[in-house]
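*Asks:* Requesting a structural model of the entry that follows:
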Amino acid sequence: MPSLLEERTEARPNPRQEAAAGVKHVSRHRKRAARWARGTVGLALLAAVWEAAPRAGLVDPYFVSPLSDVLAAWWHLAVTGQLWDNTRASLVRSGLGFGLAVVTAIPLGAAIAWYTPVRELFTPVLEIFRNTAALAILPVFVLILGIGETSKVAIVLYACFFPILLSTISGVAAVDTQLLRSARVLGLSPVTTFRKVVFPAAVPTIFTGIRIAGAAAVLVLIAAEMIGATAGLGYLINYSQYNFLIPQMYAAILTTSFLGLAINYGLVSLERRLSRWRA
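*Replies:* Numbering: from 1, shown residues only. As a prediction, the model looks like this:
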């Protein structure tokens, strides 16, 4: 089995030679198929262990339900509509918080990186807040905004804001100076330079923060929904635990995992569409 070092240093023809030999397309599909096959085997092993361990008595089946029982509970929640109702509530809250973070953090991050006075004004304040964990100030949001929808959207906004902000600052500040000089030689205005040169070059870095924020939107919301919520996946997990509906609890946890995966892959696809100029 090749190591990562061997994969990175392995002698291989350059892309032009591969294209001339007609092997690049086949090689790429073979590698992708092998990668998917290994991933499928890993998931199958996890499922087998999850099913067998409780039934063999290796773990208490009352606290760790077999996978078949969890899937049966998930299907029951889906058929009765409970799963969709709670998932929809979580999606609305996380979507609002995440969307507000995107539309506020990207312009502010670009301004901080692009204009020195703005950076000097906001950096000390942002340094204080970005080092404060979102869940640590959840009680503050609840006290000020109540236990309704506003506090939950606000905590998601807070958790998503700083990853996007910092990645935007880093992406804009790291744009190649040769690109900026070329834009000046061509006579582009600062606004046009930012729109045509700086922002497209910073998109890959910005999307790194957006993907981190997408995961944080779900994780923080689940914790927030365990306090004073009447719907949502976090509420469903908490309700199932308190009522000893253990398979249902694991079914809700699995749903949050699938939701996080769907958000991540969706953002990856969007990044590829916005970064098609890259090789």
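*Asks:* how about the helices in the stretch 101-250 of the chain?
*Replies:* For the stretch 101-250 of the chain, helices defined by DSSP state H, counting those that start in this stretch occupy the ranges 116-130, 138-145, 149-173, 177-185, 190-193, 199-225, 233-242, 246-274.
*Asks:* ok, residue 252 - how many residues close by?
*Replies:* Close neighbours of residue 252, defined as other CB atoms under 10 Å, add up to 29. Glycine gets a C-beta too; all of them are placed from N, C-alpha and C.
*Asks:* again with residue 150
*Replies:* 13.
*Asks:* for the helices of the stretch 101-250 of the chain, which one sits closest to residue 72?
*Replies:* Between residue 72 and the helices of the stretch 101-250 of the chain, the tightest spacing by CB to CB is seen for helix 246-274, at 6.9 Å.
*Asks:* The closest one - contacts with which helices or strands?
*Replies:* Applying 3 or more CB pairs under 8 Å, 6 or more residues apart in numbering; DSSP states H and E, we find helix 246-274 packed against helix 67-80, helix 82-114, helix 199-225, helix 233-242.
*Asks:* between the helices of the stretch 101-250 of the chain, which gets nearest to residue 65?
*Replies:* The nearest among these, by CB to CB, is helix 246-274 at 4.3 Å.
*Asks:* And the closest one, how far out from the chain middle?
*Replies:* 8 Å (CA atoms, centre = their mean, to the nearest Å).
*Asks:* and it, what's its mean pLDDT?
*Replies:* The predicted model assigns helix 246-274 a mean pLDDT of 87.
*Asks:* That helix relative to helix 199-225, how many degrees between them?
*Replies:* 170 degrees (axes from the mean of the first three to the mean of the last three CA atoms, to 10 degrees).
*Asks:* orientation of helix 246-274 relative to helix 233-242 in degrees?
*Replies:* Using the same axes, to 10 degrees, helix 246-274 lies at 160 degrees relative to helix 233-242.
*Asks:* Kindly calculate the angle that helix 246-274 makes with helix 82-114.
*Replies:* Going by the same axes, to 10 degrees, helix 246-274 makes 40 degrees with helix 82-114.
*Asks:* buried residues in helix 246-274?
*Replies:* Within helix 246-274, the residues that count as buried by 16 or more other CB atoms under 10 Å are 246-252, 255-256, 259-260, 263, 267, 271.
*Asks:* Find the helix or strand that the residue nearest to residue 68 when sequence neighbours are not counted is a member of.
*Replies:* Nearest residue to residue 68, sequence neighbours excluded (CB to CB, 6 or more residues apart in numbering): residue 51, at 6.1 Å. Element membership for residue 51 (DSSP states H and E) is helix 24-55.
*Asks:* Show me where the stretch 151-279 of the chain dips below the pLDDT cut-off.
*Replies:* Applying pLDDT under 70 to the stretch 151-279 of the chain picks out residues 275-279.
*Asks:* Let's test this: mean pLDDT of the helix holding residue 51, rounded?
*Replies:* Per-residue scores along helix 24-55 average to 80.
*Asks:* Over to stretch 80-94?
*Replies:* Rounded mean pLDDT across stretch 80-94 is 90.
*Asks:* how about that stretch: buried residues?
*Replies:* Buried residues in stretch 80-94 (16+ other CB under 10 Å): 82, 83, 86, 87, 89, 90, 91, 93, 94.
*Asks:* before we move on, what about stretch 123-137?
*Replies:* Per 16+ other CB under 10 Å, stretch 123-137 contains these buried residues: 126, 134, 137.
*Asks:* How about stretch 167-185?
*Replies:* In stretch 167-185, counting by 16+ other CB under 10 Å, buried: 167, 168, 169, 170, 171, 172, 173, 175, 180, 183.
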